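In: starting from these lines, generate the structure:
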Amino acid sequence: MANKDILLIVDTETTITQTVADFGAVVVDLSTATILEQAGVLVWKQFGKKDLWYDSSVDDEDYWSRGNSKLRNKKYQGYVDAGWRTIAAIAWINGWLIRMHEKYDPIITAYNLGYDNKVCKNTKIDLGIFSENKCLWRHAAQKAYSKDADYVDFCHAKGYLTPSGKISTKADHVAHFVLLSHLDVYEKEPHTALEDARDYEWPIAYDLFQRGILPWD
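Out: Sure thing, here's the model as predicted:
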């Protein structure tokens, strides 16, 4: 049975073929608000070999445009040159996950766990070794924030609405609210896996813990 106070929060950035180019994860202790472990690596034979994911329907000014995918690739290369990332084989990532399972037995989560499970499976990254998994968005954030009057007002003020006019609970919108609430400062998500997991999704998880929603039963 998993340790309810320990989460392994995973985030991924993907290639155009829906494999993982950038893998990031943090192991956190809700009870002490502590980051216990972290990993951020670019995946060998995926990063640099395939285009980063892009949306062909958006214009060139959009972050997810095809042209910007090349700039994002250059930014990652700068991370490697600066020593902020290494390039690692899938076997290394799976070995790290095994060590985290044996050491902490955490609940594995991600803000959109179904998507991260899919792309990790496509890449042969094994998230299935953990005894419990929960989606941070679907199993917690979606309900908690959509019913929070302050968050609802915040979304209307910022224009954080779905195309149908409903309140958005996207990770970057919730993180904006949470970080402003606790730190009075916010910068947009960089959409790099380790930083998104550590600096945006972990604060959301801890805010949900403070609300009494986490740990999960």
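In: who does the lengthiest helix in the chain touch, helix- and strand-wise?
Out: Counting residues, the longest helix found in the chain (DSSP state H) is helix 66-82. Secondary-structure packing of helix 66-82 (3 or more C-beta pairs under 8 Å, 6 or more residues apart in numbering; DSSP states H and E): strand 34-43. Bear in mind the C-beta positions are built from the backbone N, C-alpha and C, glycine included.
In: can you give me the pLDDT of V185?
Out: V185 carries a pLDDT score of 77 in this model.
In: what do you get for the one 5 residues further on?
Out: Among the per-residue scores, P190 holds a pLDDT of 94.
In: check contacts around the nearest residue to it once chain neighbours are set aside.
Out: Among residues not flanking P190 along the chain, D196 sits closest, at 7.0 Å (C-beta to C-beta, 6 or more residues apart in numbering). Contacts for D196 were tallied using C-beta atoms under 8 Å, 6 or more residues apart in numbering; they are 11, 24, 171, 189-190.
In: quick one: which of those residues has the most company?
Out: Counting neighbours by other C-beta atoms under 10 Å, D11 leads the contacts of D196 with 26 neighbours.
In: ok now whatever helix or strand it lives in, how far from the chain's centre?
Out: Element membership of D11, judged by DSSP states H and E, is strand 3-14. Offset of strand 3-14 from its chain centre (C-alpha atoms, centre = their mean, to the nearest Å): 8 Å.
In: rewinding a little: work out for me the element the residue nearest to P190 sits within.
Out: Secondary structure assigned from DSSP H and E places D196 in helix 193-196.
In: now that helix: buried residues?
Out: 193-196 (16 or more other C-beta atoms under 10 Å).
In: who are the contact partners of the closest residue to H173 other than its chain neighbours?
Out: Nearest residue to H173, sequence neighbours excluded (C-beta to C-beta, 6+ apart): Y160, at 4.3 Å. Counting by C-beta under 8 Å, 6+ apart, Y160 touches 154, 167-168, 170, 173, 176.
In: just how off-centre is the following helix or strand past the longest helix of the chain within its chain?
Out: Next in sequence after helix 66-82, counting helices and strands by DSSP H and E, comes strand 86-88. Centroid displacement of strand 86-88 relative to its chain, using C-alpha atoms, centre = their mean, is 19 Å.
In: try stretch 10-28
Out: With C-alpha atoms, centre = their mean, you get 8 Å for stretch 10-28.
In: this structure: strands as residue ranges?
Out: 3-14, 20-29, 34-43, 86-88, 106-110, 133-135 (DSSP state E).
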